[in-house]
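In: Sequence first, predicted model second:
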Amino acid sequence: MNAFDLTKTPLREANAKLQSLPADTNEKVWHLNNLHGEHACAVGLTQPIEVHVNGHIGYYCAGMNQNATVIIHGQCGVGVAENMMSGEVRVKGTASSAAGATGQGGLLVIEGDAGTRCGISMKGIDIVVKGSVGAMSAFMAQSGSLVVCGDAGASLGDSIYEARLYVQGKVESLGSDCVEKKMTPHHLAKLERLLKKAGIEADPKKFRRFGSKRNLYNFHVDNVDAY
Amino acid sequence: MSDHSPFHTPPRFSATFDEHSIAQIQRAAATGIYDIRGGGAKRRMPHFDDLLFLGASISRYPLEGYREKCGTDVVLGTRFAKKPIELKIPVTIAGMSFGALSGQAKEALGRGATAMGTSTTTGDGGMTPEERGHSTKLVYQLLPSRYGMNPDDLRKADAIEVVVGQGAKPGGGGMLLGQKITERVAKMRNLPVGIDQRSACRHPDWTGPDDLAIKITELREITNWEKPIYVKVGATRPYYDTALAVKSGADVVVLDGMQGGTAATQEVFIEHVGIPILAALRPAVQALQDLDMHRKVQLVVSGGIRNGADVAKCLALGADAVAIGTAALIALGDNAPALEEEYRKIGSTAGAYDDWHEGRDPAGITTQDPALAARLDPVKAGKRLANYLAVLTMETQIIARACGKSHVHNLEPDDLVALTVEAAAMARVPLAGTSWIPGQGGY
């Protein structure tokens, strides 16, 4: 088994090894063990490998991920999978603030809850949260989908652009320019695919869809109260 | 007094309600919206013109202008980066985005900087292949919006600049109005064509210096600790911002005064938030000195640099290099008198054109209109920029040699005096002809 004991191997060395694996590597599965909340763990990966982060982890775990699958068997700090480009990141526990921030692609699955600003400024990533998300989630979300099986905190989707939001539970409040939209068969099918891909059992029909009213797309003084 | 009075006085204009103020009130009343423009602060303020070099005299001797060497090289990022940036001149090109500028303008900046052995910087919206291709040294900005942020580009960069703020609008986000959002710009930013693009004023995944330290660590981990990491701040509280940037692990601090330009910001923001670079420079240097980090963490300053005297004054006050933005655009061809007729057609005049956000730039620089952009020849414009950078460098050397310095970094505050009490207090050099530095020695 390919594994690093982070009490013995510096994180820099572990990251460097994972980052430098060739595209055709046979060493497809890796384990990071004996973690102590390290920051910037398994960041900048580029190859289709599977990395198991076996413990609780700090900020920016799996940041800017490309192609790799990173599974966090614990809780994670701020900005998990920030600016992810592709691949999959799965958090078995809960995630702190700014999960999937500015992500441009790939799939982020959080099996617990996510903190505030989940999916902030997301740019194409798909995020599926089995639990609930905190306030200001999907703030300035540009594209991609945020699926919340639990509840959403205050000001969901504030100043949202073209991202699609699906919430099964309660929404405390919607942010500026974010409105509830009709759930069409197209969106139901999309949601069903996302849930299936995330491996989370839920009935798509129980979700509501939210998106941009597009009133704030071009500044107009009549909308000044919205800012 | 009536017209028929023998004591008629000519109409008197108010110093308080001057022509500009009256026009702003009239425009606000007519439109209900604030004024937006490009560029930096235009008001008169204490600046480098208020400082003078003393030159050599009996107590110190000068270097011969055409024979004795005066070095201009500068290395940025020596603190932690495995591959610091080595520049031949102490003048760099500040961050300006593709989107705010045309592709041709970005290419010209790369060509000019490369010809002189210095760096250019990306902006909001990411890195274009043309820009990377024409810049041998390219600094990649990490901005709050993260438009176009891409780990592949991060690895292609020669340095990374974490942008906290800029001098024209410290505390403000960016704005690229819909008329400049073409298909290519929109695609790079992952947004629909034609809509206003608001860039956030805060980073999405960190707040405060402790988080910033972790963010910088992440960037280093992703790039194998090779790239110098700059932290750019708008000049507001330069002592604390510099100290916190150092604490957060920056290799280089970039400090931008309120004269530094923006692509589009509210006039009230540009003119009333932030402080001039002259006022910001010494507190930043003081912070580095107090931390024993002066010359170990490099300081790049910007905002209103126009000539070699300005460069020399920045270096004498403790900066390691300067960055130019507005001056670089002027060198490319912005505000050229030859375009006067066209500036008039869009309600401006050569020398004052600042409606960069509208995308109608007759010089083809601050536009995404293909026909206008095609007017700028990147090769010729790049040559003009290279010429200008060469002159800036030679002028800096002229002053350094006159002060007896064999390297421009040997210039020091002792070489300077101030013409005004304000400049003396800000630059912490004596008022000319006196030994008085306001604020020091108890008075």
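Out: That came through fine.

In: For the stretch 1-150 of chain B, which residue gets nearest to chain A?
Out: At 4.0 Å from chain A, B:Arg146 is the closest residue in the stretch 1-150 of chain B, using Cβ to the nearest Cβ. Quick note: C-beta positions are derived from backbone N, CA and C, even for glycine.

In: and stretch A:22-29, how far from the chain's centre?
Out: 25 Å (Cα atoms, centre = their mean, to the nearest Å).

In: Export only the CA atoms of that stretch, formatted as PDB.
Out: This file holds the C-alpha atoms of stretch A:22-29, laid out as PDB (Å, rounded to 0.1, in the frame of the first residue of the first chain):
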ATOM      1  CA  PRO A  22       3.300  10.400 -14.100                       C
ATOM      2  CA  ALA A  23       0.000  10.100 -15.900                       C
ATOM      3  CA  ASP A  24       0.500   6.400 -16.500                       C
ATOM      4  CA  THR A  25       1.500   5.600 -12.900                       C
ATOM      5  CA  ASN A  26       0.600   2.200 -11.500                       C
ATOM      6  CA  GLU A  27       0.500   3.700  -8.000                       C
ATOM      7  CA  LYS A  28      -3.100   4.700  -8.200                       C
ATOM      8  CA  VAL A  29      -4.200   4.600  -4.600                       C
END
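
In: Just want the residue of chain A that's nearest chain B.
Out: Nearest residue of chain A to chain B (Cβ to the nearest Cβ) works out as A:Gly44 at 3.3 Å.

In: Show me what the lengthiest helix in chain A is packed against.
Out: In chain A, with assignment by DSSP state H, the single longest helix is helix A:185-198. Secondary-structure packing of helix A:185-198 (3 or more Cβ pairs under 8 Å, 6 or more residues apart in numbering or on different chains; DSSP states H and E): strand A:107-110, strand A:123-129, strand A:143-148, strand A:164-167.

In: Tell me the first helix or strand C-terminal of it.
Out: Once helix A:185-198 ends, the next helix or strand along the chain (criterion: DSSP states H and E) is strand A:208-212.

In: Just the pLDDT for the residue in the stretch 151-300 of chain B positioned nearest to chain A.
Out: Per Cβ to the nearest Cβ, B:Ile222 is where the stretch 151-300 of chain B lies closest to chain A, at 3.3 Å. We have a pLDDT of 98 for B:Ile222.

In: pLDDT at residue 204, what is it?
Out: As the question left the chain open, I've gone with chain A. On the pLDDT scale, A:Pro204 is placed at 97.

In: Wait, chain B was what I had in mind.
Out: Here, the pLDDT recorded for B:Pro204 equals 97.

In: Three-state assignment for it, please.
Out: Classification of B:Pro204 using DSSP: H, G, I helix; E, B strand; the rest coil returns coil.

In: quick one: contacts for it?
Out: Shown in contact with B:Pro204 (Cβ atoms under 8 Å, 6 or more residues apart in numbering or on different chains): A:82, A:98, A:101-102, A:117, A:120-121, A:139, B:144, B:146.

In: next one: B:Ala363
Out: Contacts of B:Ala363 were listed using Cβ under 8 Å, 6+ apart, and they are B:332-336, B:339, B:375-376.

In: mind redoing it with 7 Å?
Out: Residues counted as contacts of B:Ala363 (Cβ atoms under 7 Å, 6 or more residues apart in numbering or on different chains) are B:333-334, B:336, B:339, B:375-376.

In: okay, the residue nearest to B:Lys83 when sequence neighbours are not counted: pLDDT?
Out: Using Cβ to Cβ, 6 or more residues apart in numbering or on different chains and skipping the chain neighbours, the partner closest in space to B:Lys83 is B:Glu226 (4.7 Å). For B:Glu226, the pLDDT comes out at 97.

In: so where do the strands sit in chain A?
Out: Counting by DSSP state E, chain A has strands at residues A:2-5, A:29-33, A:50-53, A:69-72, A:88-91, A:107-110, A:123-129, A:143-148, A:164-167, A:178-181, A:208-212.

In: Figure out how far the fourth one is from the centre of its chain.
Out: Put simply, strand A:69-72 sits 12 Å off its chain's centre (Cα atoms, centre = their mean).

In: Pull the residues that contact that strand.
Out: Outside of strand A:69-72, the residues within contact range by Cβ under 7 Å, 6+ apart are A:42, A:50-53, A:57, A:61-62, A:87-92.

In: Quick check: phi and psi at the residue nearest the centre of chain A.
Out: Geometric centre of chain A, nearest residue: A:Gly100, 3.5 Å, by Cα atoms, centre = their mean. Torsion angles at A:Gly100 (phi, psi; degrees, to the nearest 10) stand at phi 70, psi 20.
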